[in-house]
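# here is a sequence with its predicted model. Questions after.
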Amino acid sequence: MSWIGLYRVPWTWSDGSPSSFRHWTSTGPTNSDGTLHCATENNLHEWSDANCDAPHVFICHQVTKKVSLVKMTTVTDADLTDPDISARLLQQLGALLTSQGWTDFKIQWKITPKKEGQK
C-alpha cells in the first residue's frame, strides 16, 4: 500500500486541490471507527481509506504537463534546417538534460522565420 496524497472531508489532494477522479476498491471508503481520513493505493491501483498514522510509502503523481519555451540564438555555419543536423542537436541537448537529472521530457525545434534585413 502507498499513500497517494488524498485526504477526507472533503476528499482533496495534499496540495489543496479538489479530487474529481476516484478509483475506490469495490467496498469504497468505509471510514471504519471514524478514523480513516487518508487514502492509499494497492498494487491494482485501487484506493482505500486508512488511518493517516499507518506507515506507508508516499507516492506522488502529477497529471498536468508543464511546457517551457527556451529561446536560443545560434552562430554557426551549419544548416539548422537540415533534418540530420537538427536531430543530432536535439539528441545532444536531450543527453545533456538527462545528465543533469531531467526525466520525462520532450524537446523540439521551432525555427522562427528571419525578419527582413537579417542574415
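The structure has been received and is ready for your questions. Numbering: from 1, shown residues only.

# how does the chain divide into domains?
In the domain annotation for the chain, the residue ranges read 2-58, 65-112 (automatic domain parsing).

# give the rounded mean pLDDT of stretch 72-83.
Averaged over stretch 72-83, pLDDT sits at 84.

# again but with stretch 86-100, I slipped
Average pLDDT, stretch 86-100: 88.

# what residues of it count as buried?
Judged by neighbour count (16 or more other CB atoms under 10 Å), stretch 86-100 contains these buried residues: 86, 89. Just so you know, the C-beta spots here come from the backbone N, C-alpha and C atoms, and that holds for glycine as well.

# again with stretch 27-34
Taking 16+ other CB under 10 Å as the neighbour-count basis, stretch 27-34 is seen to contain the buried residues residue 29.

# tabulate the CA atom coordinates of it in CSV.
Extracted in CSV, the C-alpha atoms of stretch 27-34 (Å, rounded to 0.1, in the frame of the first residue of the first chain):
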residue,chain,number,x,y,z
THR,A,27,-16.0,-1.7,-0.8
GLY,A,28,-15.3,2.0,-1.3
PRO,A,29,-14.2,4.3,1.5
THR,A,30,-15.6,2.9,4.8
ASN,A,31,-14.2,5.3,7.5
SER,A,32,-14.3,2.5,9.9
ASP,A,33,-14.4,3.8,13.5
GLY,A,34,-14.4,7.3,12.1
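
# for that stretch, what is the average pLDDT?
Within the predicted structure, the mean pLDDT of stretch 27-34 is 88.

# show me how far it is from its chain's centre.
Once both centres are worked out by CA atoms, centre = their mean, to the nearest Å, stretch 27-34 turns out to sit 30 Å from its chain's centre.

# same question, stretch 51-62
The offset between the C-alpha centroid of stretch 51-62 and the centroid of the whole chain comes to 18 Å, using CA atoms, centre = their mean.
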